[in-house]
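In: I would like the atomic coordinates for the input below:
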Amino acid sequence: MKFRLLLPIALVSLTACGLRPVYGGGGHGAVAQALGNVEVAPIEGKAGWLMRNALNDRLSAMQGGSGPRYRLVVKLDDDISGFGLRADAAVTRERRTLRARYQLVDEATGAQILDDTAGSDAGIDVTSSEYATIAAEDTALERLSQTVADQIVTRLALFSRKAANP
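Out: Have a look, this model is predicted:
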């Protein structure tokens, strides 16, 4: 009974606090249109291939207009470092770090309109099986690519919303 009374009050207070959905207007809103007009430039290496695919998956879901209006240029730094050591100096733990520096370029003018970074890291157990360790490193790279792509698209969405509503 109390829940039924509190729900309308909570909903009214949320609308009064000034929160606005980023994707207001759905697929036809300003943010979705802007994100749908972003073309991802090729990125070097295996990490680049994974990152470009993750970004394209997220951006292609948006409905762009007449074609690419912006180009997203991404440079990656992929690093694996060992930090857990046994008594015999063998590494027992690794950290894989994926950092991305990305720039959003206006295709019409060539002007860089956004320059930012994103990144994440993952811990990896090093086992006695080299195959298992390599598989864990690859899996970590796949997860990191997804995480960093999410960060980039979120930042692009916030930038697009701010540009659409100055």
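
In: Residue 79 and residue 97 touch, don't they?
Out: Yes - contact criterion C-beta atoms under 8 Å: residue 79 and residue 97 qualify, at 4.8 Å. Using the backbone N, CA and C atoms, a C-beta is placed for each residue, glycine as well.

In: Neighbour count: these two, which is higher?
Out: Neighbour count, other C-beta atoms under 10 Å: between residue 79 and residue 97, residue 97 has more, with 15 against 10.

In: you'd agree that one is up against residue 83?
Out: No - taking contacts as C-beta under 8 Å, residue 97 lies outside contact range of residue 83: 11.5 Å.

In: which stretches of this protein have low pLDDT?
Out: 1-30, 63-67, 164-166 (pLDDT under 70).

In: which residues of it fall in helices?
Out: Taking DSSP state H as the test, the helices found in the chain are 2-16, 30-36, 45-60, 130-164.

In: got JSON lines for those, with mean neighbour count and distance to residue 113 too?
Out: Shown next, in JSON lines, are the helices of the chain (neighbours: other C-beta atoms under 10 Å; distance: least, C-beta to C-beta, whole Å):
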{"stretch": "helix 2-16", "mean neighbour count": "9", "distance to residue 113": "32"}
{"stretch": "helix 30-36", "mean neighbour count": "20", "distance to residue 113": "11"}
{"stretch": "helix 45-60", "mean neighbour count": "18", "distance to residue 113": "16"}
{"stretch": "helix 130-164", "mean neighbour count": "17", "distance to residue 113": "8"}
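
In: Redo these as TSV? Include distance to residue 75.
Out: Listed next are these as TSV, based on distance: least, C-beta to C-beta, whole Å:
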stretch	distance to residue 75
helix 2-16	39
helix 30-36	20
helix 45-60	9
helix 130-164	12
